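# 3D model of this:
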Amino acid sequence: MGSPPARLAAAASNVVAKVLGGGVADLRPMPRVLIDQGPNRSVYRMAPGEAPSSGPPVLLVPPLAAPALCFDLRRGCSLAEHLVDGGRRTYLVDYGNVAFSDRRLGVEHWIDEVLPRAIRRASEDAGGQGVHLVAWCLGGIFSLLTTADQSDLPVESIVTVASPVDFTAIPLVAPFRPLVDITGGYLLTPFYRLLGGAPSYVVSRVFRATGIDKEITKPLAILKNLDDRDFLAQIEAVDHFMDNMVAYPGRTFGQLYHRFFRANDLAEGTVDLGGRIIALSGVKVPALVIAGEGDGIAPRPAVERLVGLLENAPSVRFEVAPGGHLGVLTGRRARATTWTYIDRFLDERFAR
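Just a heads-up that it's a prediction; the model follows:
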């Protein structure tokens, strides 16, 4: 805490930067090179930082609907920047925008085409080395299903952050279950079929609604922290993230709704995709599972359930870090918790 005059001067400087300078957050994306592109897939190699990149490749896997900038939120609070600065050979897969024409794409598209191609391309670009996946939310689930289903992929390990597998353990959806049961599971079906999925503006509003208490108190929090540039920059970066949400394709949304939410398939370790059964027991690489202690979308019990389902993984480590659904991945406290857990896990894999 600085002196009152120092805090006042800092607050005045921040107000000027926000009003006249367009904001205080450095939202420049990390430099990157496009190495592969296809339907719903752009694979980037992050440019090396001051420390030369070396070692096995680390591929960052985002979820659907959320923009890939979740891994590169802002300078100073970017997991991609952290990995690059640590000298790690870092890659990112970006799904791009989802259009109405993509409405027939199902989960199979992502686990059969998009992720396998991204994994193989990252491996090839790194000289044929095995790939270490670091994934957030649904990106973690897709990474696990992809690895479980295709054992020939060059995957060496998986880190999942805030990836729920037991949807009955999510308090936010509990009130809707009786209504879903009464309607035979078709409560949302007409809407996502008519719209071709879940539009980006709906996804953004739902995401904001999960932290409605913070949205309501945000103006007061900004006023109380006008002298804290890092605090203000984080709020700006999160708002920028929210404004760039992407739509869910219709068929994929339907599968997530009926198989993951309604039937809660993954809580038992398998998922049925049109008669094709994929079991998480097929994951045979080390895994790190991280949950956010304040996560309302993927609370600890919904995430921790995964640990018991990876029965054939050589090792499964579970960690809890502070933060909500986005905060546990790239909040200000993630720098000293989640990122440290990831570093430690990767260091152990790389040393072998």
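# if I look at Met30, how far off is Gly292?
Distance of Met30 to Gly292, given as CB to CB, to the nearest Å: 23 Å. The way it works is simple: take the backbone N, C-alpha and C, and place the C-beta from them, glycine included.
# just want to know which of the two has more residues nearby.
Remark: of Met30 and Gly292, Gly292 carries more neighbours, 27 against 20, as counted by other CB atoms under 10 Å.
# quote the end-to-end distance of stretch 31-43.
13 Å (CA to CA, to the nearest Å).
# please apply the same query to stretch 268-286.
20 Å.
# same check on stretch 325-342?
Distance between the boundary residues of stretch 325-342 (CA to CA) amounts to 17 Å.
# what comes up buried for it?
Buried residues in stretch 325-342, defined by neighbour count with 16 or more other CB atoms under 10 Å: 325-331, 334, 337-339, 341-342.
# and Leu83, what does it touch?
By CB atoms under 8 Å, 6 or more residues apart in numbering, the contact list for Leu83 reads 46, 58, 90.
# and the last one, what are its phi and psi?
Think Thr90. phi -110, psi 140 (degrees, to the nearest 10).
# ok, it - how many residues close by?
Thr90 has 29 nearby residues by other CB under 10 Å.
# that one is in contact with Ala51, isn't it?
No - using CB atoms under 8 Å, Thr90 makes no contact with Ala51, being 11.5 Å away.
# now the common contact residues for the two.
Counting by CB under 8 Å, 6+ apart, the contacts common to Thr90 and Ala51 are Val84.
# which residue is the nearest non-sequential neighbour of Leu266?
Excluding the flanking residues, the one nearest Leu266 by CB to CB, 6 or more residues apart in numbering is Val165, at 4.1 Å.
# are we agreed that the one you found is in a strand?
No - counting by DSSP: H, G, I helix; E, B strand; the rest coil, Val165 is located in no strand; its state is coil.
# how far away is it from Gly96?
According to CB to CB, Val165 and Gly96 sit 27 Å apart.
# and those two? Which one has more around it.
Using other CB under 10 Å, the more surrounded residue of Val165 and Gly96 is Val165, with 28 against 14.
# might one say that that one is in contact with Arg305?
Yes - if you go by CB under 8 Å, Val165 and Arg305 touch, sitting 5.2 Å apart.
# where in the stretch 51-200 of the chain is pLDDT low?
100, 171-200 (pLDDT under 70).
# what segments of it are helices?
79-85, 107-109, 115-125, 138-149, 177-182, 189-195, 200-209 (DSSP state H, counting those that start in this stretch).
# repeat for the stretch 201-350 of the chain
Using DSSP H, counting those that start in this stretch, the helices of the stretch 201-350 of the chain run over residues 212-224, 229-242, 250-255, 300-304, 327-330, 338-350.
# turn these into JSON lines, columns for mean pLDDT and distance to Ser315.
Below are the helices of the stretch 201-350 of the chain laid out as JSON lines (pLDDT from 0 to 100; distance: least, CB to CB, whole Å):
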{"stretch": "helix 212-224", "mean pLDDT": "64", "distance to Ser315": "36"}
{"stretch": "helix 229-242", "mean pLDDT": "91", "distance to Ser315": "32"}
{"stretch": "helix 250-255", "mean pLDDT": "78", "distance to Ser315": "30"}
{"stretch": "helix 300-304", "mean pLDDT": "96", "distance to Ser315": "16"}
{"stretch": "helix 327-330", "mean pLDDT": "96", "distance to Ser315": "21"}
{"stretch": "helix 338-350", "mean pLDDT": "96", "distance to Ser315": "9"}
